[in-house]
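Participant: sequence first, predicted coordinates after that:
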Amino acid sequence: MGTSGLGTLLVEEGLLTEADRRTIRRTCGTHGSAFARAVLALGLLDEDELAAFLAERTRWKMCAKDLARESSREAWGTLDPPLVERLEVMPLRVEGQVLHVAMVDPLDHDTIKQVEFFTGYRVTPHIATFTQVRLGLEKLIKNYRPQTSHLEELIINHASSANRRLRLLDRAGGSTAPRAVSRAPAFDAGAATALREEEDFAGPIEEVEDVDADAAL
């Protein structure tokens, strides 16, 4: 089973085609926040836009800005730091048998199930950006270092190479080409083709059925 209905929501909104959704899923994986990471890395949405989109299209609420201040000692004690680092979530508070957790994708059922398994609590997700979660973890975990997906590393390296080429062109002939910006370009057919080529190179991958996003709304 797929673990997040985020891709289905983006297709319904017209921000992705069904073919693009399947390509991203097959290339970047189906577990945890992999799909959300791919959406951000490709520049389809920035993280604030993604958070606002999820808040509008689901029943979950957005978190306050400072997650470390919102996180209680009781909630923080429900999960071991290594698991929190791997899942990139922030436990916020405990209310009865419910653990409130800040996470990027509230439709990420795989992560929710893991938190519920290791804590014994039912989880209520709250929407946060990766920046919010990572800043919170930096304040609470010594020597915390954010994870980077292979796609993120690929795009970062590509952007660095593009900047180096622009600098060389400037030195050689005073090129007026615009400098690269930090945000990746919006998802387009070229990006989809590149991902499909990578998928074809890697060989066939077993099709995975998606969770119905409407069931999580």
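Facilitator: Yep, that arrived.

Participant: quick one: low-confidence parts of this protein?
Facilitator: Where the chain drops to pLDDT under 70, the residues are 1-3, 29-32, 147-167, 173-217.

Participant: where do the strands sit along it?
Facilitator: Counting by DSSP state E, one finds strands in the chain at the ranges 90-95, 98-103, 122-127.

Participant: elements contacting the second one?
Facilitator: Going back to what we said before, that points to strand 98-103. strand 90-95, helix 109-119, strand 122-127, helix 130-140 (3 or more CB pairs under 8 Å, 6 or more residues apart in numbering; DSSP states H and E). From N, CA and C alone the C-beta is placed, and that goes for glycine too.

Participant: show me what contacts Q97?
Facilitator: Applying CB atoms under 8 Å, 6 or more residues apart in numbering to Q97 gives the contacts Y121, R122.

Participant: what's the burial count for the closest residue in space to L45 that isn't next to it in sequence?
Facilitator: In space, and not counting its chain neighbours, L45 is closest to V39: 5.8 Å by CB to CB, 6 or more residues apart in numbering. Around V39 there are 27 other residues, counting by other CB atoms under 10 Å.

Participant: what does D110 give?
Facilitator: Neighbour tally, D110, other CB under 10 Å: 18.

Participant: what of R57?
Facilitator: Count around R57 with other CB under 10 Å applied: 17.

Participant: ok, the nearest residue to it once chain neighbours are set aside - contacts?
Facilitator: Once flanking residues are discounted, R57 sits nearest to L9: 5.4 Å by CB to CB, 6+ apart. Residues in contact with L9 (CB under 8 Å, 6+ apart) are F53, L54, R57, L107, A213.

Participant: now flag whichever of these is closest to M90.
Facilitator: For the contacts of L9, the residue nearest M90 by CB to CB is L54; the value is 16.0 Å.

Participant: thinking again about what came up before, from R37, how far out is the residue nearest to R57?
Facilitator: To R37, L9 is 16 Å away according to CB to CB, to the nearest Å.
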